[in-house]
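Novice: pasting the sequence and the predicted model now:
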Amino acid sequence: MRMEKNTKSKLVTEDVKKVLKDTFRELRDDVAIEVYTQQGTNDVFNETLIGLVKALSETTDKIKPAFYTIGDEHSSEKGITKSPTLVIAPDKYKIRFTGAPLGEEGRSLIMAILMASTGSVVISENSLKRLMELDTKREVQVFVSPTCPYCPQEVVYALSAAIARNDLISAEIIEIFENRDIAEKYGIVSVPQTFINGILTSPGAEPEEYFIESLLTLKRPEVVPTEFSDTPVEKDLLIVGAGPAGMTAGIYAERAGLKAVVLERENIGGQVTITPEVENYPGFARIPGKTLVDMIAQQAAQYTELHLSEEVKEIEMIEGRFQVKTNWAIYRAKGILIATGVSNKRLDVPGENRLYGKGVSYCAECDGYFFKDGKRVIVVGGGNTAATYALYLSTLGAKVTLVHRRDALRCEMRLQESLSRNGIDILWHREIREILGDKVVQAVKIEDTKEKTVTDIPADGVFVAIGYIPNNEVAKMLGLEIDEEEGYIKVDKNQRTSMPMVYAAGDITGGVKQIVVAVSEGSLAALTAFEDMTSPYWKKEKK
C-alpha cells in the first residue's frame, strides 16, 4: 500500500466542497475507496484521481481512502491491471471505475458513494422485483466519457443493480479515452454502450426497464413486460415530453393551479442536452446545454411531477376526459400538452447503421472526447447544430472537415465567423454516399454534386447533423392535423391544436428550433390550457 500525504487538495473548490459536505450528510456507513495507479501510465489522470479522492475525503469522515500501486499484492488479489482504477466499498459490493471518473462521470462517482453508504438504489420497485428473479452472475460494463451527458443515467442503473443484487452482479465503468485498448477490443468509439457478460445489450442510452430486461435476458428487448396500476390517476394536464418546453409547461401549469404531470420516455432535456455550448440563452453568455437542462429540471421538480421512462401507449376519450395508458400507469386528464420534440435525421446511406456507435454519431458532446488527439472527423450538415459540433470537436483537438450539400451554410453568422476563425475546412456541394470501415469508421465516400465525381476521404468518425424528424406518434394517436410535408403538429398562436384541450409546444411544432422559443411556447400552452379549462373557447364559439 502506498501512503499519500493528507494535504489539502485544490482540485475541488471551497464552494463545491460546501455542497459536497451537505450532500454527504446523507451518508450512513463508512465507504472504503481504493485507488490503484501505476507510474508511467495515464499519469495526468492518476494524479487527478488521487487529488479528487483526497478532496472528497476532506468533506466527510465517512469516506475512507486508500492508495495502492498496480502490481502489488493487493492489486494482484483483485486482478486490477489498469491505471487508474477506483474501487468502491469492496467489502460489500463489486463496483469499479476503470479510468478516472471526471467531468460528467463525477456525478456518477458521487452517486456511487451515496448508494454504497446507504444501500439505496435509484430504480423502481418493479425493477427491484424483477432483479430478484436473477439466479446467475452478471458482469455489467458501461463504457463512458467525461463529456457524455447521457452516460451517468446508464451508470446509475448499473450501480443500482450491483447494489441491489451484490451477490450476483458486478458493475465496471470504463472511460474509453484512458482505456483505448479495451475500447478498441470492443470496437467502441461512441458512448454510452453497455455490455453484460461480454454481450452488447445497449448501443446507447436506454430507459430503465430496457436495462433491467437486458440484464435478465442478455439481449436488447423488443418488448418489455411491465406492471402498471390500473387505478386511473386524475390530472388536469398531462404533458408528454420533458424538454425545455414540457418542463416549462409543467412549471406554469402548476403555478396556475392545475394538477400536472410530465412524462418522458427517454432522457430529460431533449436536444439541448447534447448541445456542447449554448451562447444565445438570455442570462448566460455561455453555458453547457446539459447544465442548463439540469437547472430547468431542478426548478420544474419543485412544482410538478417528472416521470422518466414512461411512454404513452394508448389514448381514448372516456366521459369527456382523456384516458392515457402508459407503460406504467393510466391517467385521466382534462387536457394534453404535447412537447415530444424531434429526433436526429439520418443519412440513410450504406454503412451508417452498421457503424453506428463505432465512429458514426449524432452527438458530438457524447462521443467527441474519443477523437480529441488529432483524429480525423467529418461533420455533415450546414445548420447551427453542425457548426456547433464542428467547433466543439475542433476545440477538443480533432481534425475537422465540414461537409455541406449546398454552397452556403444555414447557421448563424456568428457561427460562420467562428468556423472561419478556427480554420475549419468546408467541402461545398458534397454529399455522403457511403460510410466505409470494417469494425470502425475508416473513410467516407463523398460525391461532388457539381462535378459529379466520387472520392474516398479517410476519416475516423462521422458526426451527422442534417436536421430533425418530429416525434409525432402521440399526435397521430389523437388524429391531430400535422404538416403533410414534414410531420410537425399544426398549432394556432396560442399553441392550440386541431382538437379541443390538446396543445403542442417546442420543436414538435416546427418553426424556429431555439430554447427560448421552446420555453416561450411551453409557458403559453400551459396558460392557454388553464384559460380553456376555466372558460372553454369552443363553447363560446357555439354560442
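Specialist: Everything's here; your move.
Novice: which of the three states applies to residue 33?
Specialist: Per DSSP: H, G, I helix; E, B strand; the rest coil, the local secondary structure of residue 33 is strand.
Novice: mind showing which ranges of the stretch 51-200 of the chain have poor pLDDT?
Specialist: For the stretch 51-200 of the chain, no stretch has pLDDT under 70.
Novice: quick one, helices of it?
Specialist: 73-78, 105-118, 125-131, 151-164, 180-186 (DSSP state H, counting those that start in this stretch).
Novice: pull out the buried residues from the first one.
Specialist: What that stands for is helix 73-78. 74-75 (16 or more other Cβ atoms under 10 Å). All C-beta spots, glycine's among them, are computed from the backbone N, C-alpha and C.
Novice: same check on the second one?
Specialist: Residues of helix 105-118 classed as buried by neighbour count (16+ other Cβ under 10 Å): 105-117.
Novice: ok, now stretch 12-29?
Specialist: Quick answer for stretch 12-29 (16+ other Cβ under 10 Å): 12, 17, 20, 24, 27.
Novice: need the worst-confidence member of those residues.
Specialist: Minimum pLDDT for the buried residues of stretch 12-29 is recorded at residue 12 (78).
Novice: and the longest helix for the chain?
Specialist: As assigned by DSSP state H, the longest helix anywhere in the chain is helix 515-534.
Novice: just how off-centre is it within its chain?
Specialist: Taking Cα atoms, centre = their mean, to the nearest Å, one finds helix 515-534 lying 26 Å from the centre of the chain it belongs to.
Novice: which helices and strands does that helix pack with?
Specialist: For helix 515-534, the elements it packs on are strand 233-240, helix 244-255, strand 330-338, strand 502-504, judged by 3 or more Cβ pairs under 8 Å, 6 or more residues apart in numbering; DSSP states H and E.
Novice: dump these to TSV, plus mean pLDDT and distance to residue 410.
Specialist: Formatted as TSV, the helices and strands packed on helix 515-534 follow (pLDDT from 0 to 100; distance: least, Cβ to Cβ, whole Å):
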stretch	mean pLDDT	distance to residue 410
strand 233-240	97	29
helix 244-255	97	22
strand 330-338	97	26
strand 502-504	98	24
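Novice: quick one, which of the ones you listed gets closest to residue 418.
Specialist: Nearest to residue 418, of all the helices and strands packed on helix 515-534, is helix 244-255, at 23.9 Å by Cβ to Cβ.
Novice: ok, residues contacting the helix or strand following the closest one?
Specialist: Note on helix 244-255: by DSSP states H and E, the next helix or strand toward the C-terminus is strand 260-264. Here strand 260-264 makes contact (Cβ atoms under 8 Å, 6 or more residues apart in numbering) with 233, 235-242, 246-247, 249-250, 253-254, 300, 304-312, 326, 331, 526.
Novice: what's the burial count for the nearest residue to residue 205 once chain neighbours are set aside?
Specialist: With sequence-adjacent residues excluded and distances taken as Cβ to Cβ, 6 or more residues apart in numbering, residue 205 is closest to residue 150, at 3.9 Å. Other residues lying near residue 150 total 23 when counted by other Cβ atoms under 10 Å.
Novice: where's residue 150 relative to residue 395, distance?
Specialist: 21 Å (Cβ to Cβ, to the nearest Å).
Novice: same thing with residue 130?
Specialist: Distance from residue 130 to residue 395, by Cβ to Cβ: 43 Å.
Novice: can you give me the helices in the stretch 401-543 of the chain?
Specialist: Using DSSP H, counting those that start in this stretch, helices in the stretch 401-543 of the chain cover 413-421, 473-478, 515-534, 537-542.
Novice: nearest to residue 219, out of those?
Specialist: Closest of those to residue 219 is helix 473-478, at 24.7 Å (criterion: Cβ to Cβ).
Novice: tell me which other helices or strands that closest one touches.
Specialist: So helix 473-478, by 3+ Cβ pairs under 8 Å, 6+ apart, packs with strand 312-318, strand 330-338.
Novice: can we see that at 6 Å?
Specialist: With contacts defined as 3 or more Cβ pairs under 6 Å, 6 or more residues apart in numbering; DSSP states H and E, helix 473-478 has no helix or strand neighbours.
Novice: could you export the helices and strands packed on helix 515-534 as CSV, including distance to residue 404?
Specialist: Output for the helices and strands packed on helix 515-534, formatted as CSV (distance: least, Cβ to Cβ, whole Å):
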stretch, distance to residue 404
strand 233-240, 34
helix 244-255, 28
strand 330-338, 32
strand 502-504, 31
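Novice: can you redo these as CSV with distance to residue 359 and mean neighbour count?
Specialist: Shown next, in CSV, are the helices and strands packed on helix 515-534 (distance: least, Cβ to Cβ, whole Å; neighbours: other Cβ atoms under 10 Å):
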stretch, distance to residue 359, mean neighbour count
strand 233-240, 33, 23
helix 244-255, 30, 28
strand 330-338, 35, 24
strand 502-504, 36, 28
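Novice: and the helix or strand where residue 44 lies, how far out from the chain middle?
Specialist: Per DSSP H and E, residue 44 falls inside helix 43-57. Computed by Cα atoms, centre = their mean, the chain-centroid distance of helix 43-57 equals 26 Å.
Novice: residues of that helix that come out buried?
Specialist: Buried-residue list, helix 43-57, by 16+ other Cβ under 10 Å: 45-46, 49-57.
Novice: what's it in contact with?
Specialist: Here helix 43-57 makes contact (Cβ atoms under 6 Å, 6 or more residues apart in numbering) with 9, 11-12, 33, 35, 37, 63, 65, 84, 100, 178.
Novice: sorry, back to before: and residue 390, which of the helices and strands packed on helix 515-534 is closest to it?
Specialist: helix 244-255 (23.8 Å).
Novice: which residue lies nearest the spatial centre of this structure?
Specialist: Residue closest to the mean C-alpha point of the chain, counted by Cα atoms, centre = their mean, is residue 150 at 2.4 Å.
Novice: from residue 155, how far off is the residue nearest to residue 357 when sequence neighbours are not counted?
Specialist: In space, and not counting its chain neighbours, residue 357 is closest to residue 190: 4.0 Å by Cβ to Cβ, 6+ apart. Distance of residue 190 to residue 155, computed by Cβ to Cβ: 16 Å.
Novice: please apply the same query to residue 328.
Specialist: Taken as Cβ to Cβ, the span from residue 328 to residue 155 is 23 Å.
Novice: same deal with residue 462?
Specialist: From residue 462 to residue 155 the distance is 26 Å (Cβ to Cβ).
Novice: coming back round to it: wait, which of the helices of the stretch 401-543 of the chain is closest to residue 318?
Specialist: Nearest of the helices of the stretch 401-543 of the chain (Cβ to Cβ): helix 473-478, 14.0 Å.
Novice: could you dump stretch 235-251 to CSV, C-alpha only?
Specialist: Provided in CSV are the C-alpha atoms of stretch 235-251 (Å, rounded to 0.1, in the frame of the first residue of the first chain):
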residue,chain,number,x,y,z
LYS,A,235,-54.8,15.1,-13.5
ASP,A,236,-55.8,18.4,-15.1
LEU,A,237,-53.0,18.5,-17.6
LEU,A,238,-50.8,15.6,-18.9
ILE,A,239,-47.6,16.9,-20.5
VAL,A,240,-45.8,14.5,-22.8
GLY,A,241,-42.1,15.3,-23.2
ALA,A,242,-39.6,16.7,-20.7
GLY,A,243,-37.5,19.0,-22.8
PRO,A,244,-37.4,22.8,-22.1
ALA,A,245,-41.0,23.2,-23.5
GLY,A,246,-42.5,20.4,-21.5
MET,A,247,-40.8,21.2,-18.2
THR,A,248,-41.6,24.9,-18.5
ALA,A,249,-45.2,24.0,-19.2
GLY,A,250,-45.2,22.0,-16.0
ILE,A,251,-44.0,25.0,-14.0
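Novice: what's that stretch in contact with?
Specialist: 253, 258-264, 268, 270, 272, 296, 300, 303-304, 306, 312, 324, 331, 333-341, 474, 505-506, 515, 518-519, 521-523, 525-526, 529.
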